[in-house]
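Chemist: predicted model follows, preceded by the sequence.
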Amino acid sequence: MSLYCGTACRRKIFWCYRLLSTYVTKTRYLCELKEDDDACKKAQQTGAFYLFHNLAPLLQKSEHQYLAPQHSLLELERLLSKFGQDSQILEDSVLIGCSEEQEAWFALDLGLNSSSSINASLQKAEIETALQGSFIKLTKALFELNVKDASLLSTAQALLRWHDAHQFCSRSGQPTKKNVSGSKRVCPSNNIIYYPQVAPVVITLVSDGTRCLLVRQSSFPKGMYSALAGFCDIGESLEETVRREIAEEVGLEVDRLHYSASQHWPFPNSTLMIACHATVKPGQTELQVNLRELEAAAWFSRDEVATVLRRNNPSNQQQSGAVPFWLPPKLAIAHQLIKEWVEKPTCSPLPA
Ligand SMILES: NC(=O)C1=CN([C@@H]2O[C@H](COP(=O)(O)OP(=O)(O)OC[C@H]3O[C@@H](n4cnc5c(N)ncnc54)[C@H](O)[C@@H]3O)[C@@H](O)[C@H]2O)C=CC1
Ligand SMILES: [Mg+2]
């Protein structure tokens, strides 16, 4: 595109610059808060807090969806004093994001007994009454939250869980200390720094050119089929994980591979899902299902999958009785992969 292409184009460039500028400013502010304890403490004064109890977020029901209420530091201090607690528990809060206006967002769990709040966990029912909400498990609420809250609460839960599970140094056995933002923990006796862990998982929709492979684990909800997933082993590239998982679980060899997108997935313990499309070698489509890992695996035609996608609600399908299976909900990256394949089935060769 030429830089001298008239007023409309200049306006477009100006708006692009403005958008990028807001994003960069926000990102750098968050980066500062992560590392600078004093700046982060200051941001808590004007920030907003999302509350949890034993990793279940505080939510309010509004018509067909859940809303995640925010609380100011002052409101939290009043709440803690009402229940006879000191404000030390606030030290357990973790930074999870900020608004475009640089209002920092934090998450705090009032039900976990961590090092800075021993014996300070608050009674769930009492807080629910005081805050006019309910602590609801994320497994139940995730699909009834808007996209922004779903993402924020998933991040918050993952970070709170990680801190709860990493209270002690694995080398010295001494208690570790969280920095103010919660971006790391440090062992004061040997200065080892612990960072929140991310577990990468590859999820692949395998196709033979005309059909796609869908699988079921016994832990899936009844009737649900999904794409094939597996954790990356240490030392593996993503391509190697895809190749190994497909060989292990259904006994096939991958010919072509194409990256699609990625997603943070909170269940059961927070993973980074990396989504790919793959095709198998021509003429090699016979499945040898590993029954220790999967309950079932089968090829499905594009028409079958398109039909299920159109009415992807388990209760609809039970009523009609016509469709024998259903697919993961829209928010799950497996859904996006399957939709992409139905709309545009292509793949590039797998690198050697
Ligand atoms: N968002 C989405 O659309 C979907 C997400 N998933 C997620 O993908 C994840 C992995 O899928 P699976 O087929 O179960 O993986 P998998 O095929 O690697 O099998 C799980 C086994 O891998 C081992 N493992 C290795 N590293 C592990 C780690 N860091 N954490 C836990 N187990 C580890 C364990 O023995 C475990 O039993 C699951 O957590 C599942 O929730 C699965 C399908 C769809
Ligand atoms: Mg698997």
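Modeler: Cool, the structure landed. Keep in mind that what you see is a predicted model, and the values were worked out from it rather than measured. Residues are numbered from 1 along each chain as shown. Ligands and ions are numbered 1, 2, ... in the order given.
Chemist: pull up the residues of the stretch 101-250 of the chain that are close to ligand 2.
Modeler: Applying C-beta under 5 Å from the ion, one finds that the stretch 101-250 of the chain approaches ligand 2 through 229, 230. Placement of C-beta: from N, CA and C, glycine included.
Chemist: residues in the stretch 101-250 of the chain within reach of ligand 1, list them.
Modeler: Residues of the stretch 101-250 of the chain lying close to ligand 1 (C-beta under 6 Å from any ligand atom) are 199, 201, 203, 226, 229, 230, 231, 245.
Chemist: emit the ChimeraX select command for whichever of those are buried.
Modeler: Here is the ChimeraX selection string for the buried members of those, based on 16 or more other C-beta atoms under 10 Å:
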select :201,203,226,229,230,245
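Chemist: so which of the residues of the stretch 101-250 of the chain next to ligand 1 would you say is closest to residue 175?
Modeler: residue 199 (24.6 Å; C-beta to C-beta).
Chemist: list the contacts of the closest one.
Modeler: Neighbouring residues of residue 199 by C-beta atoms under 8 Å, 6 or more residues apart in numbering: 231, 232, 269, 270, 271, 272.
Chemist: now the nearest residue to the first one once chain neighbours are set aside, what's its secondary structure?
Modeler: It stands for residue 231. What sits nearest to residue 231 in space, not counting adjacent residues and going by C-beta to C-beta, 6 or more residues apart in numbering, is residue 201, at 5.3 Å. Following DSSP: H, G, I helix; E, B strand; the rest coil, the label given to residue 201 is strand.
Chemist: who's in contact with residue 201?
Modeler: Applying C-beta under 8 Å, 6+ apart to residue 201 gives the contacts 229, 230, 231, 232, 265, 271, 272, 273, 274.
Chemist: for residue 98, same thing?
Modeler: 26, 29, 30, 33, 43, 104, 105.
Chemist: quick check: the residue of the chain nearest ligand 2.
Modeler: Nearest residue of the chain to ligand 2, counting by C-beta to the ion: residue 230, 4.3 Å away.
Chemist: so after the lengthiest strand in the chain, what's the next helix or strand?
Modeler: Under DSSP state E, the strand in the chain containing the largest number of residues is strand 254-265. As assigned by DSSP states H and E, the chain's next helix or strand after strand 254-265 is strand 271-280.
Chemist: how far does that following strand sit from the chain's center?
Modeler: With C-alpha atoms, centre = their mean, to the nearest Å as the basis, strand 271-280 stands 16 Å off its chain's centre.
Chemist: strands paired with that strand, and their directions?
Modeler: Its sheet considered, strand 271-280 pairs with strand 200-207 (parallel), strand 254-265 (antiparallel) by DSSP bridges.
Chemist: how about the helices in the protein?
Modeler: For the chain, the helices defined by DSSP state H cover 7-35, 37-46, 73-82, 124-131, 138-141, 147-165, 238-250, 302-310, 314-320, 333-343.
Chemist: mean pLDDT added to those, as CSV?
Modeler: Converted to CSV, the helices of the chain look like this (pLDDT from 0 to 100):
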stretch, mean pLDDT
helix 7-35, 74
helix 37-46, 98
helix 73-82, 94
helix 124-131, 92
helix 138-141, 94
helix 147-165, 96
helix 238-250, 97
helix 302-310, 93
helix 314-320, 53
helix 333-343, 96
